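>>> what shape does this take:
(one chain, ligands or ions: 1)
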Amino acid sequence: MTKPHIYITRNMPQAGIKLLEPTCTLTIGADLPPDRATLLKNIAEADAVLSLLTETIDAEVMDVAPNLKVISNMAVGYDNIRINDATSRGIPVGNTPGVLTETTADIAFALMLSAARRLPEAERYVKDGHWKTWMPSLLLGQDLHGATLGILGLGRIGQAVARRAKGFNMRIIYHGGSDETAARELGAEACTMETLLEQSDFISIHTPLMPETHHMIDAEAFARMKSTAVLVNTARGGIVDPKALYDALKSRQIAAAGLDVTEPEPISPDDPLLTLDNCLIIPHLGSSSVATRDKMATLAAENVLAGLRGDRLPHCVNPEVYDRR
Ligand code: GLV
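Model prediction:
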């Protein structure tokens, strides 16, 4: 029997490759994302594709691959995949939720602390040789402990951030994305978007990117925020309007931002946001621990294998696809 053909769009952790190797023929891409022509060429013969969030998997891609039985994205987010197009073609789409929750919450907290206490500026100050003495007014920032944290989207990752915030004695308010039991257990109060913007000292974004959330944090939203507010985004760059963010940071309408994600990615080296001391940007590292990336690769491979067997995917984002069968 011929082995099924899997196209893995980019190099990924061995943990996932090892699971697929024994029973599948693998085409594995390079470290960098494939260009569109390479993607279309390599997927044409594939029975399954294991993609990363850098690949746009749309109707054109699906249509050049007549044997495609499953799309498995090694990410919890799946805004790079046109889900309706997959569903209408009967293709289940898998993602990797759960395994990256705590690791991503860790980085959201790291960004909150770093942006609030100005750690990148402070490090530069020392390395540039400016540290002459202790000074009462040197590099003053915002306190995290005891502050109000507004969580936009109290789903899995938002809840993990809230658990950490409890240890910092923060008041937690949230808008969107939770069941009431989880919120009650965390002591998080539901509120309107306006209240969240107006009352939060820290705002942490944990909502998926969808047409409804695109540029949800815009000039109007910044105008409602406190001048001491710190905005943290570990979800998707497109949720924040970058021009409005620049204006808000430059004019000190808000105090600081910590971004793990940008629009576009990668951010251009000439982007004006990179000129601001109060904007900390890291290159989409939310889930980037050795252990978590191995778990994501394993889960993505398990989704592939289930899809090839015709079984329900362990983590399927379009379960309605099974109603069509
Ligand atoms: C990373 O951003 C992910 O969606 O897993």
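
>>> hmm, who's touching stretch 241-253?
Applying C-beta atoms under 8 Å, 6 or more residues apart in numbering, the contact partners of stretch 241-253 are 215, 217-219, 221-223, 225, 227, 231, 254, 256-257, 262-263, 271-273, 276, 278-279. To be clear about C-beta, it is placed using only N, CA and C from the backbone, and glycine gets the same treatment.

>>> hmm, I was thinking of stretch 14-25
In contact with stretch 14-25 (C-beta under 8 Å, 6+ apart) are residues 2-6, 8, 26, 28, 48, 50, 74, 294-298, 300-302, 304-305, 308.

>>> so of the residues you listed, which ones are in strands?
Using DSSP state E, the subset of these located in strands is 5-6, 8, 26, 28, 48, 50.

>>> buried subset of those residues as a ChimeraX selection?
Buried subset of the ones in strands among the contacts of stretch 14-25, written as a ChimeraX selection, criterion 16 or more other C-beta atoms under 10 Å:
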select :5,6,8,48,50
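
>>> that older thread, buried ones among the contacts of stretch 241-253?
By 16+ other C-beta under 10 Å, the contacts of stretch 241-253 give 217, 221-222, 225, 231, 254, 256-257, 262-263, 271, 273, 276, 278-279 as buried.

>>> and the spatially closest residue to Pro314 that is not a sequence neighbour, how many residues sit next to it?
With sequence-adjacent residues excluded and distances taken as C-beta to C-beta, 6 or more residues apart in numbering, Pro314 is closest to Glu302, at 5.4 Å. The number of residues packed near Glu302 is 19, by other C-beta atoms under 10 Å.

>>> next one, pLDDT for Glu302 please.
Per-residue confidence (pLDDT) for Glu302: 98.

>>> distance of it from the ligand?
Distance, Glu302 to the ligand, using C-beta to the nearest ligand atom, to the nearest Å: 16 Å.

>>> next one: Gly29
Counting by C-beta to the nearest ligand atom - Gly29 and the ligand are separated by 18 Å.

>>> quick one: low-confidence parts of the stretch 201-325 of the chain?
Within the stretch 201-325 of the chain, the stretches with pLDDT under 70 are 325.

>>> where exactly do the strands run in it?
In the stretch 201-325 of the chain, the segments counted as strands under DSSP state E, counting those that start in this stretch are 202-205, 230-233, 256-259, 279-281.

>>> by contact count, what packs against the first one?
Meaning strand 202-205. helix 101-116, strand 148-152, strand 230-233 (3 or more C-beta pairs under 8 Å, 6 or more residues apart in numbering; DSSP states H and E).

>>> 10 Å - rerun?
helix 101-116, strand 148-152, helix 156-167, strand 171-175, strand 230-233, strand 256-259 (3 or more C-beta pairs under 10 Å, 6 or more residues apart in numbering; DSSP states H and E).
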